[in-house]
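In: can't give you the sequence, but here's the structure:
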C-alpha cells in the first residue's frame, strides 16, 4: 500500500495504487465533487471540470498558499489529470470486479520533498477510503501522517527528505 518513487523524463513521480471496494462511479464522485473532496483532498478546487479549464487551489484556514493550475484531462469516470502549481496529479480509475483500482501519480521536480509529500498523499488516500466507506477515520490526520512518514523516510533515503514536514501547529 506504500507509494513508490521513480524518476521519469527528468521529473520525480510518486505513484500510489489502491484497490477500492467501491464501483468506479462512486469513486469518481469522490474524486471530483466538492462535498466529497472536502473529506480527503487538502485544498478546495475552484474551476470547471473540463480539459483546458483554469483551476485554483485554495487551502482552508490559510494552511497554504493559493495556487493556480489547469485541468489537463477530464474523462469521466476513468481519468482526471490536473496541474497544481508546477506539479501534475493524475488519477486513473478502472473497474475491478465489484470495485475499482485507483492509480494516483504526483509528478514534481524537487526530490527533497518526496518523503514528506508521499506521507501526505498516503494519508489523503486513506481519508478517501474512509469517505467512500462513509466512516470517520480512527486517527487524527497529523497522527496518521507521522505514522506513515517513517516508512517513506526509510525507503526513499535522506536525499528525499531535505524538505521537512508540514507545520504541525495548523492541523
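Out: Here it is on my side, so go on. All values derive from a computational prediction rather than experimental measurement. Residues are numbered from 1 along each chain as shown.
In: where along this structure do the strands fall?
Out: Per DSSP state E, the chain carries strands over the ranges 4-8, 11-20, 44-46, 54-58, 67-75, 79-84, 87-96, 99-108.
In: Could I get those in CSV, plus columns for mean neighbour count?
Out: Quick note: C-beta positions are derived from backbone N, CA and C, even for glycine. Shown next, in CSV, are the strands of the chain (neighbours: other C-beta atoms under 10 Å):
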stretch, mean neighbour count
strand 4-8, 12
strand 11-20, 18
strand 44-46, 15
strand 54-58, 16
strand 67-75, 16
strand 79-84, 19
strand 87-96, 17
strand 99-108, 19
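In: my guess is residue 156 contacts residue 114, does it?
Out: Yes: with contacts counted by C-beta atoms under 8 Å, residue 156 reaches residue 114, the gap being 5.3 Å.
In: Residues that sit against both of the two, list them.
Out: The overlap between the contact sets of residue 156 and residue 114 (C-beta atoms under 8 Å, 6 or more residues apart in numbering) consists of residue 5.
In: More neighbours: which of the two?
Out: With neighbours defined as other C-beta atoms under 10 Å, residue 156 and residue 114 compare such that residue 114 has more, 26 against 19.
In: I'd like the distance between the more buried one and residue 106.
Out: To residue 106, residue 114 is 9 Å away according to C-beta to C-beta, to the nearest Å.
In: what do you get for residue 154?
Out: 20 Å.
In: ok, now residue 125?
Out: 11 Å.
In: for residue 5, same thing?
Out: 10 Å.
In: between these two, what contacts are shared?
Out: By C-beta under 8 Å, 6+ apart, the residues touching both residue 5 and residue 106 are 13-14.
In: low pLDDT regions in this structure?
Out: 166-171 (pLDDT under 70).
In: Just give me the residue closest to the centre of this protein.
Out: Taking C-alpha atoms, centre = their mean, the centroid of the chain lies closest to residue 121, which sits 4.4 Å from it.
In: Test my guess that that residue contacts residue 16.
Out: Yes: the pair residue 121 / residue 16 is scored as a contact, 6.3 Å apart, by C-beta under 8 Å.
In: which neighbours do those two share?
Out: 3, 104.
In: ok, residue 82 - contacts?
Out: 45, 55, 69-72, 88-89.
In: Pick out the most distant pair among these.
Out: The span of those, defined through C-beta to C-beta, is set by 45 and 88 at 14.4 Å.
In: buried stuff in stretch 58-67?
Out: residue 67 (16 or more other C-beta atoms under 10 Å).
In: Mind listing residues that contact it?
Out: Against stretch 58-67 from outside (C-beta under 8 Å, 6+ apart): 42-44, 46, 56-57, 84-85, 170-171.
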